[in-house]
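>>> build me a model:
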Amino acid sequence: AEHFLESYHKKSRYFIYNSKQLHNLESFSSDAGINIMVINVQAFNARGKDARRIYEELDDFQSRRPIDVIKANRPILILDEPQKMEGKKTLDSLKEFNPLFILRYSATHRTQHNKVHRLDALDAYNQKLVKKIAVRGISVKSLSGTNAYLYLESIEVSKQTPVARIELEVKQSSNIKRMIRKLKKGDNLFELSGELDQYKGFVIADINAVTDTVEFTNGHQLQAGEATGDVNETTLRRIQIREAIKAHFEKEQVLFTQGIKVLTLFFIDEVAKYRVYTDSGEEGGEYARIFEEEYSQWINDNEKLINDAGRKQYWNYLKSIDVSKTHNGYF
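Reported below is the predicted structural model:
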């Protein structure tokens, strides 16, 4: 409303389409101002009695079809999340509106049309829609002659020698699981993995906290933020989620005593990866499951560290929130 008032110096009028309140549609068509009709797909694309009324000649609407009155306006269609409206029946129904043109708003377009505007992270920062952007790069490196999965998360400096937080595959009783280990110079990944063949020759020769690199006796080297081996899309997403959780907690511990709430946002490729809607209700998607696993892992790994730092109040705060309650989504 504010946008149209600023641009056209007229206050816009809007209503939600209801087949039983067609006097609003009459005003929508006869008024010369800015008129907005909000309508959901079910109102013109379902088989129910109320949905069919839009295509029927109605006695209480001067024997006219509502769809004919709408299309006579040559409306501008604004579609929210258009990737959900790509079924043939829906696309055919949209033609019935005889639109002047269609604007599609989405962060995850399935079908690309003529792009007229894009708002990316840098634009959002420059327009002061967000205050700060922090980027943690994750790169995939090919180590010639090996398929060993490794991810160097970070290097920690302590009073003793530096240690490297490395994720590797570890043989379990019935499967192989990827786990993060704190490793030091001289550690043998072949032994630590339960003697998986791909880690033969991977003995840590040096951990350099200045260059953030780990070098192995076989000559291979990894930089912090690099992953190698079997790195698929899911692996990258898990690493990104883990890094976001880690960064969140680092920031939250600093701001907790100041009463400042920390929020971390995840921009995802599709809603179904986070939340799946079924006939029986909703359930967590792939990203929700990964989030809860990584969140719980961080909590388990850092309990002693937080309490030793004298942050008992902060720890009690964390433990009072169930992992399933600490994340939520809006789309």
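>>> now the strands for the stretch 101-250 of the chain?
For the stretch 101-250 of the chain, the strands defined by DSSP state E, counting those that start in this stretch cover 101-105, 139-141, 150-156, 163-171, 176-183, 204-208, 213-216, 221-223, 226-228.
>>> name the strands paired with the longest one and say parallel or antiparallel.
Partners of strand 163-171 in the sheet, by DSSP bridges, are strand 150-156 (antiparallel), strand 176-183 (antiparallel).
>>> do the same with the last one
The sheet places strand 226-228 alongside strand 139-141 (parallel), strand 150-156 (antiparallel), with pairing taken from DSSP bridges.
>>> redo those strands as CSV? Include distance to Pro66.
Every C-beta, even on glycine, is put in place using the N, C-alpha and C of the backbone. Listed next are the strands paired with strand 226-228 as CSV, based on distance: least, C-beta to C-beta, whole Å:
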stretch, distance to Pro66
strand 139-141, 55
strand 150-156, 58
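>>> out of those, nearest to Val214?
Evaluated over the strands paired with strand 226-228, closeness to Val214 peaks at strand 150-156, with 5.7 Å, by C-beta to C-beta.
>>> now the closest one: buried residues?
By neighbour count with 16 or more other C-beta atoms under 10 Å, strand 150-156 contains the buried residues 150-153, 155.
>>> also stretch 20-36?
In terms of neighbour count (16+ other C-beta under 10 Å), stretch 20-36 has its buried residues at 22, 24-25, 28, 35.
>>> from Glu233, how far out is Ile207?
Taking C-beta to C-beta, to the nearest Å as the measure, Ile207 falls 30 Å from Glu233.
>>> ok, back up a step: could you export the strands paired with strand 163-171 as a markdown table, including distance to Ser280?
A markdown table is the format used below for the strands paired with strand 163-171 (distance: least, C-beta to C-beta, whole Å):
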| stretch | distance to Ser280 |
| --- | --- |
| strand 150-156 | 37 |
| strand 176-183 | 31 |
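>>> in TSV: these, plus distance to Ser12 and mean pLDDT.
Formatted as TSV, those follow (distance: least, C-beta to C-beta, whole Å; pLDDT from 0 to 100):
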stretch	distance to Ser12	mean pLDDT
strand 150-156	51	90
strand 176-183	53	91
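>>> re the thing from before, ok, the buried residues of strand 150-156 vs Glu195, which is closest?
Leu150 (16.3 Å).
>>> that closest one contacts Gln221, doesn't it?
No. Assessed by C-beta atoms under 8 Å, Leu150 is found out of contact with Gln221, at 10.9 Å.
>>> quick one: low-confidence parts of the chain?
Within the chain, the segments meeting pLDDT under 70 span 46-48, 50-51, 133-136, 279, 281, 330-331.
>>> does the residue nearest the centre of it belong to a helix, a strand or coil?
In the chain, the residue lying closest to the centroid (C-alpha atoms, centre = their mean) is Ile268, at 2.5 Å. Assigned by DSSP: H, G, I helix; E, B strand; the rest coil, the conformation of Ile268 is coil.
>>> how near is it to Ile290?
The spacing between Ile268 and Ile290, counted by C-beta to C-beta, is 11 Å.
>>> and Gln223, what is it in contact with?
Counting by C-beta atoms under 8 Å, 6 or more residues apart in numbering, Gln223 touches 139, 141, 152, 211-213.
>>> who's it bridged to?
Thr213.
>>> also Leu150?
Beta-bridge pairing for Leu150 (DSSP bridges): Leu168, Thr228.
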